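[1] curious how this folds, go ahead:
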Amino acid sequence: MVCLIAAAGVAYANYDLVYDFVLGFNYEPSAELATIINHIDLTGEGDRILRASRPELQAAADFNKNCPTVNAQTSTLGCYYAKRIYVYDIDSEELDGIKEAVLAHELLHAVWERSSAREKQELEPLLLQIFEDNKAALAGHMENYESEDYVDELHSIIGTQLESAKLGSVLREHYARYFNQLDAVVAYFQAYDAILTGQRQEAEALYAQIQAKKTEIDQRTSAYEQSYTQLGADIDNYNVRAGRGWSTYAERDALNSERNRLLSRQQLLNQEYQALSALIDETNQIVAKYNQLVEHLGQLQESIDSNAKQLPAASEL
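    Next up, the predicted model:
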């Protein structure tokens, strides 16, 4: 009887291990997914939890069916639902590494689910402090999560987006239980995020440049039109007076001087017209570059997130 009780106690203590072994016993990933799993270089414990989660790469229709709890305001790259990991099968060579980053992220949700209440209690203040220390980098990723999912999500984000040097020893040791090279996993996220962030920042900079140039063009056009109107009135006035002729050399010289001034003003206005035309052409080139970049960025974002916010298009002048 004593032996039976002891055996039952051992089985209970290793329930997660046994349960995971049973779930993942017959799991065989696809060839592509096997390569992705190999890339994120899991420890034995990480591999056990991953296999128990039986990850799948899925096209949009199946993915949307299997990820009903995805927050509508966040990226729909992957989910951990009903003890399964689903990764959206993104077809984009430009975003190489995104599937590795997503798979690692979802694996950490499976890890968190298996963590004891005591372990979660110990990790939570550490995770929250790391978030505060790296708020500029992480706040945008966390703003849409509800309180009941917040720390769970933070655990996955910190473990796949921050280099190990930014983590304390406790968190480094925690993530090292699942990844042999945590920084290599983070590099996958940083690689694709840099493309999306870089292109968005470039587009935003171009848009600001366009708006500044449009403001300059509007101001200079208004000034040009006022000067053009005034010059026309001054020329008409001059022509009336010149048509009357002159009676003294002083009047003649004054009319000639005024004529030369009018011609100079006309020349300056012609130069301003050419400069404005060149500025408008330059601005339209920037508009074309901006719209091309926005279209490309939109295609990238739509390929990974149907709820992505699009930048506004710009119109030519």
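[2] quick check: Ser156 touching Trp112?
    Yes - counting by Cβ atoms under 8 Å, Trp112 is a contact partner of Ser156 at 7.2 Å. In this view, the C-beta of every residue, glycine as well, is placed from N, C-alpha and C.
[3] in the sheet, who's paired with the residue lying closest to Ala60 once chain neighbours are set aside?
    Leaving aside its sequence neighbours, Ala60 sits nearest to Tyr88 (Cβ to Cβ, 6 or more residues apart in numbering; 7.2 Å). With DSSP bridges as the criterion, Tyr88 is bridged to Gln58.
[4] which parts of the stretch 151-300 of the chain are helices?
    169-176, 182-243, 249-304 (DSSP state H, counting those that start in this stretch).
[5] what do you get for the stretch 1-150 of the chain?
    Counting by DSSP H, counting those that start in this stretch, the helices of the stretch 1-150 of the chain are 2-13, 15-24, 31-39, 44-52, 60-66, 98-114, 117-133, 135-142, 147-161.
[6] and the ones you listed: which comes nearest Arg200?
    Arg200 lies closest to helix 135-142 among the helices of the stretch 1-150 of the chain, at 11.4 Å (Cβ to Cβ).
[7] residues contacting the closest one, please?
    By Cβ atoms under 8 Å, 6 or more residues apart in numbering, the residues outside helix 135-142 that reach it are Phe131, Tyr150, Glu153, Leu154, Ile157, Ile158, Gln161, Leu162.
[8] swap in 10 Å and give it another go.
    Outside helix 135-142, the residues within contact range by Cβ atoms under 10 Å, 6 or more residues apart in numbering are 74-75, 130-132, 150, 153-154, 156-158, 161-162, 166, 193, 197.
[9] quick check: angle from it to helix 117-133?
    120 degrees (axes from the mean of the first three to the mean of the last three Cα atoms, to 10 degrees).
[10] closest to Ala60 out of the contacts of helix 135-142?
    Proximity of those to Ala60 (Cβ to Cβ) peaks at Ser75, which lies at 13.7 Å.
[11] sorry, back to before: can you tell which of the helices of the stretch 1-150 of the chain is closest to Val170?
    Nearest to Val170, of those and by Cβ to Cβ, is helix 117-133 at 5.8 Å.
[12] and the closest one, what does it pack onto?
    Identification of packing neighbours for helix 117-133 by 3 or more Cβ pairs under 10 Å, 6 or more residues apart in numbering; DSSP states H and E yields helix 98-114, helix 135-142, helix 147-161, helix 169-176.
[13] redo that, cut-off 8 Å
    Applying 3 or more Cβ pairs under 8 Å, 6 or more residues apart in numbering; DSSP states H and E, one finds that helix 117-133 makes contact with helix 147-161, helix 169-176.
[14] picking that back up, out of the helices of the stretch 1-150 of the chain, which gets nearest to Glu272?
    helix 135-142 (44.4 Å).
[15] buried residues, that closest one. List them.
    Leu138, His141 (16 or more other Cβ atoms under 10 Å).
[16] any idea of the angle it forms with helix 182-243?
    Using the same axes, to 10 degrees: helix 135-142 against helix 182-243 is 100 degrees.
[17] quick one on the thing from earlier: rank the helices and strands packed on helix 117-133 by pLDDT, which is bottom?
    Among the helices and strands packed on helix 117-133, helix 147-161 carries the lowest mean pLDDT, a mean of 92.
[18] and it, what's buried?
    In helix 147-161, counting by 16+ other Cβ under 10 Å, buried: Val151, Asp152, Glu153, Leu154, His155, Ser156, Ile157, Ile158, Gly159, Thr160, Gln161.
[19] give me the residues contacting it.
    For helix 147-161, contacts defined as Cβ under 8 Å, 6+ apart pick out 101, 104-106, 108-109, 111-113, 120, 123-124, 127-128, 130-131, 137-138, 141-142, 145, 167, 171, 175, 179, 182, 185-186, 188-190, 193.
[20] what does stretch 168-180 give?
    40-43, 45-46, 49, 104, 107-108, 111, 122-123, 126-127, 130, 158-159, 164, 167, 182, 185.
[21] next one: Arg118 from Glu124, what distance?
    11 Å (Cβ to Cβ, to the nearest Å).
[22] now do Ile235
    On the measure of Cβ to Cβ, Ile235 and Glu124 end up 80 Å apart.
[23] can you check Glu106 too?
    For Glu106, the distance to Glu124 (Cβ to Cβ) stands at 20 Å.
[24] can you check Gln226 too?
    The gap separating Gln226 from Glu124 is 66 Å, by Cβ to Cβ.
[25] likewise Asn256?
    88 Å.
[26] returning to that earlier point: among the helices of the stretch 1-150 of the chain, which comes closest to Lys213?
    Nearest to Lys213, of all the helices of the stretch 1-150 of the chain, is helix 135-142, at 29.0 Å by Cβ to Cβ.
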